[in-house]
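Enquirer: Mind folding the following:
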Amino acid sequence: MKNNRKLLLLLAALFTSFWGISQQSNKTQPAVLWTVQDKEVLIKGLERTRYELLKEINGLSEKQWSFKEDSSRWSILEIVEHLVLQNESYRSEMRTALGQPELPQFVEKTKGNDSVFIKYATDTLKADAGFLTPIDRFCNTEKAALAFNKVQDLLIDMVTNSNKDFRKHFTFRNFVQDNHLSNAEKYNVRDMHQLMLTCISHADRHLQQLRKVKAHPIYPAL
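Expert: Take a look at the predicted model:
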């Protein structure tokens, strides 16, 4: 009887000790910053821009696909090609960043900057497409549409099924390197949520460009 009592006291002591350690461990766990609402914003944005683009290009003739406002402007086919290339680049960048350890020391650098990347959709500043410049990589319009659909599926899948905290993984642009990023501007440091906001805004920019092509006075009727 006495032994049973000792055993119960020992178990109670072990449980109390374990519970204390467990509670302390839970307190030290970093909070999840990327919310369910954040994830829904990205999924809806990616699905919306996909829907709008496919709606715009549905049923276009070859003449409409290849029409240019002038020789210095992109055709609809080139716009779609550029979107495919850019989205593949975003996907590769996101996959690389999510594969690295979390960097919570940079959270404050990007906090509150979402609007910067949302506004990119209407930013009038023109950027050099560089290696993402279209060069007729697709032999026909059907393959261009399929390629866009495929990469958009992959982006949506990554956002939907990732178990990573997008607010603790980062990607970096050009800046004077130091350990604290004290020289980095808002555009230079993005968490993964902001990278995907950029992706959505980039699609919106080129949807506007595509619609402008279609609204040109001599855009082919068929």
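
Enquirer: list the contacts for R173?
Expert: Y187, N188, V189, R190 (CB atoms under 8 Å, 6 or more residues apart in numbering). Heads up, the C-betas are built off the backbone N, CA and C, glycines and all.

Enquirer: Tell me how many other residues crowd the last one.
Expert: Same thing as R190. Applying other CB atoms under 10 Å, we find 26 other residues in the vicinity of R190.

Enquirer: Flag every buried residue along the helix or strand hosting E47.
Expert: In this assignment (DSSP states H and E), E47 forms part of helix 36-57. Going by neighbour count (16 or more other CB atoms under 10 Å), the buried part of helix 36-57 is D38, K39, V41, L42, G45, L46, T49, R50, L53, E56, I57.

Enquirer: Not including adjacent chain positions, what is the nearest residue to the second one?
Expert: Distances taken as CB to CB, 6 or more residues apart in numbering place V159 nearest to K39, at 6.4 Å, with adjacent residues excluded.

Enquirer: Would you tell me which one of the contacts of R173 comes nearest to V107?
Expert: V189 (10.3 Å; CB to CB).

Enquirer: quick one: R190 is in a helix?
Expert: No: counting by DSSP: H, G, I helix; E, B strand; the rest coil, R190 is located in no helix; its state is strand.

Enquirer: Give me the distance between Y187 and T171.
Expert: According to CB to CB, to the nearest Å, Y187 stands 11 Å off from T171.
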